[in-house]
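My questions concern the predicted model and sequence given below.
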Amino acid sequence: MTRTEELFHQIAESLPDGKKSKMFGAICVKAPNGKAAFMAWKDNMVFKLEGDAQKEALSLDGCEVFKPMEERPPMGGWIRVPVDYETKWPAFAKLALDYVKTL
């Protein structure tokens, strides 16, 4: 299991409202309404963020709007955060889950 996968499971288990699932073949956490909040993607975590949380994530070096495939357009609101910022992942995960609960 990769470091990203280990951290994904730790974070997922710390969020009682989240349910582990799959998205694009990757492990993800979904809110009770079935909306995906975040997922592990290669050596990154990808979060559904809005507002200040999105701005904060995008201000970090190496973070960007997520593109699942090079030939596809970026997915609005989904921010790829590299493992370099793993200490920020739990907070982003909570913000993402709280946000998608409202959708």
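Alright, I've got the coordinates. Numbers count the residues shown, from 1 in each chain.

C-alpha from now on. contacts and neighbour counts both.
OK.

The residue located most distally from the centre of the chain sits in which helix or strand?
No residue in the chain sits farther from the centre than Glu71, which is 21.1 Å out by C-alpha atoms, centre = their mean. Glu71 is part of no helix or strand, with elements assigned from DSSP states H and E.

Which parts of the protein are strands?
Taking DSSP state E as the criterion, the chain contains strands spanning 19-23, 26-30, 36-41, 44-48, 64-65, 78-82.

Would you mind reformatting these (as JSON lines) and adding columns for distance to Lys94 while you're at it?
Shown next, in JSON lines, are the strands of the chain (distance: least, C-alpha to C-alpha, whole Å):
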{"stretch": "strand 19-23", "distance to Lys94": "13"}
{"stretch": "strand 26-30", "distance to Lys94": "11"}
{"stretch": "strand 36-41", "distance to Lys94": "9"}
{"stretch": "strand 44-48", "distance to Lys94": "10"}
{"stretch": "strand 64-65", "distance to Lys94": "19"}
{"stretch": "strand 78-82", "distance to Lys94": "14"}
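
separation between Asn44 and Thr87?
Distance from Asn44 to Thr87, counting by C-alpha to C-alpha, to the nearest Å: 12 Å.

Compare those two (neighbour count), which wins?
Neighbours around Asn44 and Thr87, counted as other C-alpha atoms under 10 Å, are more numerous at Asn44. The numbers are 22 against 10.

Name the nearest residue to that one, sequence neighbours excluded.
Take Asn44 and drop its neighbours on the chain: the residue closest to it by C-alpha to C-alpha, 6 or more residues apart in numbering is Pro82, 4.3 Å away.

isn't Val81 right up against Ala57?
Yes: with the criterion set as C-alpha atoms under 8 Å, Val81 and Ala57 qualify as a contacting pair; they are 7.2 Å apart.

which neighbours do those two share?
Here Val81 and Ala57 have Cys63 as joint contacts, going by C-alpha atoms under 8 Å, 6 or more residues apart in numbering.

Give me the more crowded residue out of those two.
Applying other C-alpha under 10 Å to Val81 and Ala57 shows that Val81 carries more neighbours, namely 27 against 23.

Residue ranges in the protein under the pLDDT threshold?
Within the chain, not a single segment meets pLDDT under 70.

can you rerun that using 90?
Per-residue confidence of the chain (counting by pLDDT under 90) places the weak regions at 1, 23-25, 67-76.

Many thanks, I have nothing further to ask.
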